[in-house]
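Q: Pasting the sequence and the predicted model now:
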Amino acid sequence: MKNILVIGGSYFLGRVFVEEMAQDPDNCVYVVNRGNRPLNMPTVRELRCDRNDVAGMRAILPHKTWDAVVDFCAYAPQDVDDLMRVMTRDTIKHYLLISTASVYAPTKIRPVRENAPIVTAPQPALGPAASYGYLKALTEQTARRHCTQRSVPYTCLRPTIIYGRYNYAPRESYFFDLVRRGEPVVIPEHDLPLFQFVLVDDAARATARCVLNSAAYGKTFNVSADELISYGRLVEVIEAVSGKTISRRPMDVATIDRLRIPLPFPLDDHLIYSGRLLQETLDFSFTPFHAGMQSAYDWYRQSMSTTP
């Protein structure tokens, strides 16, 4: 029996990962979070605590050796520092940090690989998200330092744009809502830039594939499917999976910005990453975009039908 401790795990990728791990009867899965969204899975032990409450964490965590600690909600170095204050040296066999592709510094060298330069300061141009990538980069460094000092195998995953079931962010659902209401979809008049997605189920499977896998020890992986997607291609695929004709309204980027149309993906730069290292190291393949978007749309329709 493997003891798996998940930090976070109630939202989106974390939740899908817990579902994935809970299917294996050899896994004993514990989830620690503040309990705002209970999972209510019969084989998963849910422990309620703020991860930064060191005394509380010491009190609620059972005295076990954790075969893997999978951390979905470390957003700042203090989050990892506090967790490591709770864990003694011999209680973790493998630590996995879910980071983000936002840690990469702007570059014209594409696709961006895992050894590309990392941001070294907040990026004010990103507005409310100015510090997100920078803090995640510092968190990676902190986690790596703690694991090195403790001789604990460390793995870092950097997903790109995640989509699929349980997605609370207005990404694909922004377009699904427009389609459902029969409203036109604004897209940039030039069918660029290009970006990449990863289906949440694929990101969860990739994370699970890394757990206690010596081939993943000491590695950092981009988690990104190969297909390059533009706004035009995205709408084309949504049209196919929904079976509905979508009215497109091409618009220049300046007007989109002036009208504050909340298109969820980049308007003026490419986001292209290489997921090759993960595919080759773990013998992993990603779901084709059309199939993934079909599953996302089906889940969206089902969830809308059950919404009061």
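A: That came through fine.
Q: what ranges do the strands span in the protein?
A: Secondary structure of the chain (DSSP state E): strands at 2-7, 27-33, 44-48, 68-71, 95-98, 154-159, 161-163, 185-188, 197-199, 220-223, 248-251.
Q: Could you point out which of those sits nearest V112?
A: Closest to V112 of these, according to CB to CB: strand 220-223, at 7.4 Å. Backbone N, C-alpha and C define where each C-beta goes, glycine included.
Q: pLDDT score for A125?
A: Residue-level confidence at A125 comes out at 80, pLDDT.
Q: which residues touch it?
A: With contacts defined as CB atoms under 8 Å, 6 or more residues apart in numbering, A125 has no neighbours.
Q: could the strands of the chain go into CSV alongside distance to R205?
A: Shown next, in CSV, are the strands of the chain (distance: least, CB to CB, whole Å):
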stretch, distance to R205
strand 2-7, 15
strand 27-33, 14
strand 44-48, 18
strand 68-71, 13
strand 95-98, 13
strand 154-159, 11
strand 161-163, 13
strand 185-188, 31
strand 197-199, 9
strand 220-223, 10
strand 248-251, 34
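Q: In CSV, list the ones you listed along with distance to P106, mean neighbour count and mean pLDDT.
A: Shown next, in CSV, are those (distance: least, CB to CB, whole Å; neighbours: other CB atoms under 10 Å; pLDDT from 0 to 100):
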stretch, distance to P106, mean neighbour count, mean pLDDT
strand 2-7, 30, 22, 98
strand 27-33, 33, 23, 97
strand 44-48, 40, 16, 97
strand 68-71, 27, 25, 98
strand 95-98, 23, 25, 98
strand 154-159, 16, 24, 98
strand 161-163, 17, 21, 98
strand 185-188, 19, 20, 96
strand 197-199, 20, 25, 98
strand 220-223, 16, 24, 98
strand 248-251, 25, 14, 96
